[in-house]
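Student: pasting the sequence and the predicted coordinates here, then a few questions.
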Amino acid sequence: MMNKSASKCLQLAQRRILARFPLAICAIFLGVFGCNRQATTWKVDVALPLVDDLLDWTDVVGDSVATVETGPVAVILFNGALSELNIESLTQLPDTLVSQELSPDFSGGPFQVPPGTVLLDSEEDIVFQGIDQQFKSIVLESGRIEYSVKSSTDGYVEMGYDFPSVTIDGQAVELYVLLPPSATGQFQTATGVIDLSGAAIDLTGVSGNEINRIASELIIGTPAFIEDTAQVFGSDSIVVDMHFKDLLVQQVAGYFGQETLDLDLEQKIFDSEVFTGGFLEINPTRALLAFRNTLAADIRLDLDALQVDGINVDHPQFAVPQFISRADWNSGAVTPSIWSMDLLETGPDVFELLSYLPEWVTMQGEGLLNPLGDVSGGQDFFDVRQPPQLRLDLEWPLKGAIEQFGVAQTFNFEGVDLPQFEGDLVLRITNGFPISWDFNAEWIHLDDAFATEVLDGMVPSFFNETSASNVIEWRIPVGDLRLMGPSQLVFSARMNSEGEVVFTGNERMRLQVSIEGTHQVTVE
């Protein structure tokens, strides 16, 4: 018979065995079935937008300086430059090379030259060659001096080349070079570049009464602060080259001469990527062709011909010299002189013939600077940042009849991978115009794997007597294979009016394309 202590020990051992038994069963179960876990799949709702595009009057105007001013009657405004005169002879100076060579007036040697000896002290003008105008001053946009100093002297040589008439930020441009002694038959050389960006240059020379000349002072000698006596031979030389290069002018003053200006131009003014044509009744309230003279120099215009989208325009001012007075720069800011031609006085009425927003303006003609000679006494002035411009000022109310007014756009899709997709390609059009649109949409597969889907229809205006919805929707059933490849949606629309229509400029047509449906998602 067991005592109480032994009995309790046996019971405790049995309990431990029973407690561990379920864990063992679980371990066996996992070992047998754990490697046969199945993948999880479920269906997911898909609403994937592909296109959400608004078409309004700014798309019709296109990439131009034109704007649309909204209001009870919208107005298309174009006020911009058709061309700017680039007068190269006033904006770029020719490269000029100045070379100085100092050689002894004796043969043989050597002769000793002590420290602090001045070998050359010259004050003279640097003359710019190849300039027909009479310039008195310029301000440079950019430019540089490339310099080179060579010495074959057996001794230290210093050079100071100063340009008191060339200042940058109020400081005169000065160049100092110190060359060490040269070995026999060798040259010591120093080269570098002086940046002339923003330099103000007085071109009246040393006397202050010249033209196209820069005052300069060149001093060559031995430095006083170095205790060295130069040994100079008759065959020695010191050569200084100063090369003025790529001088682009920002401002120029003087007399510009009588130069002929080319006014031939071909300029696109309305450049719409979506507007495809059609009749659009145009009754502009303002149409001015203007020349804005910002030169402080008189100009004579001789305009020979003007075409708007290939239509010849006749005007009383053609073939008649037009004199434009000089601009006023006395205050430091320009007050331009303006000449203008009223295109509403043309024969024939060019806008009535066009019946749409003009795309191209072409003109033939020329101008002449200072047709009466130097009437200003050499006080002509030009700032490159304010070039003379030929400008068009057009104001056209959006009010009139419309026939076959067309727009077109193409949207490219790269394709999307949606396994086991079931659903639709949805095309939705919302019309915010007071006129209905007839439209055509073609969904084209670039690999020709599927036939092209073609949709035609009409979207009613946003207000109509039949209370028809101005939103219309089409659905094309599609599967995953059809969505994977690249495709295009080619959309075009046309609108016609019965009589005059007034637009506010707030009209919109919204085109939306999306994929809606379900596809299967699998997680391993």
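Tutor: Everything's here; your move.

Student: name the nearest residue to residue 135, ignoring sequence neighbours.
Tutor: residue 254 (4.1 Å; Cβ to Cβ, 6 or more residues apart in numbering). C-beta here means a position set from N, CA and C on the backbone, and glycine is covered the same way.

Student: can you pull the buried residues of the host helix or strand of that neighbour?
Tutor: Under the criterion of DSSP states H and E, residue 254 resides in strand 238-255. Across strand 238-255, burial judged by 16 or more other Cβ atoms under 10 Å covers 238-240, 242, 244, 247, 249-255.

Student: try stretch 88-108
Tutor: So for stretch 88-108, counting by 16+ other Cβ under 10 Å, buried means 89-93, 96, 98, 100, 102, 104.

Student: with stretch 444-456 instead?
Tutor: 444-445, 453.

Student: with stretch 43-61 instead?
Tutor: Applying 16+ other Cβ under 10 Å to stretch 43-61 flags 46, 50, 55-57, 59-61 as buried.

Student: so can I have CSV of those residues showing pLDDT?
Tutor: Formatted as CSV, those follow (pLDDT from 0 to 100):
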residue, pLDDT
46, 83
50, 91
55, 91
56, 91
57, 88
59, 85
60, 80
61, 78
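
Student: of those, which belong to helices?
Tutor: Residues of those located in helices (DSSP state H): 57, 59-61.

Student: show me the contacts for the nearest residue in space to residue 185 that is not next to it in sequence.
Tutor: Residue nearest to residue 185 in three dimensions, not counting chain neighbours: residue 152, with 7.6 Å by Cβ to Cβ, 6+ apart. By Cβ atoms under 8 Å, 6 or more residues apart in numbering, residue 152 lies in contact with 182, 185-188, 235-238.

Student: still on that earlier bit, the residue nearest to residue 135 and residue 136, how far apart?
Tutor: 4 Å (Cβ to Cβ, to the nearest Å).

Student: overlap in contacts of those two?
Tutor: By Cβ under 8 Å, 6+ apart, the residues touching both residue 254 and residue 136 are 203, 211, 378.

Student: before we move on, the earlier item: now the buried residues of stretch 88-108 as TSV including pLDDT?
Tutor: Output for the buried residues of stretch 88-108, formatted as TSV (pLDDT from 0 to 100):
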residue	pLDDT
89	90
90	93
91	92
92	91
93	91
96	92
98	91
100	89
102	88
104	83
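
Student: ok, so of these, who is nearest residue 332?
Tutor: residue 90 (19.3 Å; Cβ to Cβ).

Student: what's the spacing between that closest one and residue 330?
Tutor: From residue 90 to residue 330 the distance is 20 Å (Cβ to Cβ).

Student: re the thing from before, so what are the sheet partners of the helix or strand following the strand holding residue 254 and their directions?
Tutor: Proceeding N to C from strand 238-255, the next assigned helix or strand is strand 260-262, under DSSP H and E. With DSSP bridges as the test, strand 260-262 is paired with strand 360-369 (antiparallel).

Student: neighbouring contacts of stretch 203-221?
Tutor: Here stretch 203-221 has contacts from 98, 100, 102, 116-128, 131, 133-138, 157-166, 201-202, 238, 240, 254, using Cβ under 8 Å, 6+ apart.

Student: give me the below-cutoff pLDDT ranges for this protein.
Tutor: In the predicted model, the chain carries pLDDT under 70 at residues 1-41, 63-64, 282, 348, 353-356, 464-467, 523-524.

Student: could you list the domains of it?
Tutor: 45-62+402-523, 75-82+259-394, 89-255 (automatic domain parsing).

Student: start to end distance for the longest one?
Tutor: When you say that, I think you mean domain 89-255. 12 Å (Cα to Cα, to the nearest Å).

Student: centre of the chain versus that domain, how much separation?
Tutor: Centroid separation between domain 89-255 and its chain, computed with Cα atoms, centre = their mean, to the nearest Å, is 39 Å.

Student: also stretch 516-524?
Tutor: 46 Å.

Student: picking that back up, out of the buried residues of stretch 88-108, the closest to residue 411 would be?
Tutor: Using Cβ to Cβ, residue 91 is the member of the buried residues of stretch 88-108 that lies nearest residue 411, at 44.9 Å.

Student: and that closest one, how close does it get to residue 259?
Tutor: 12 Å.
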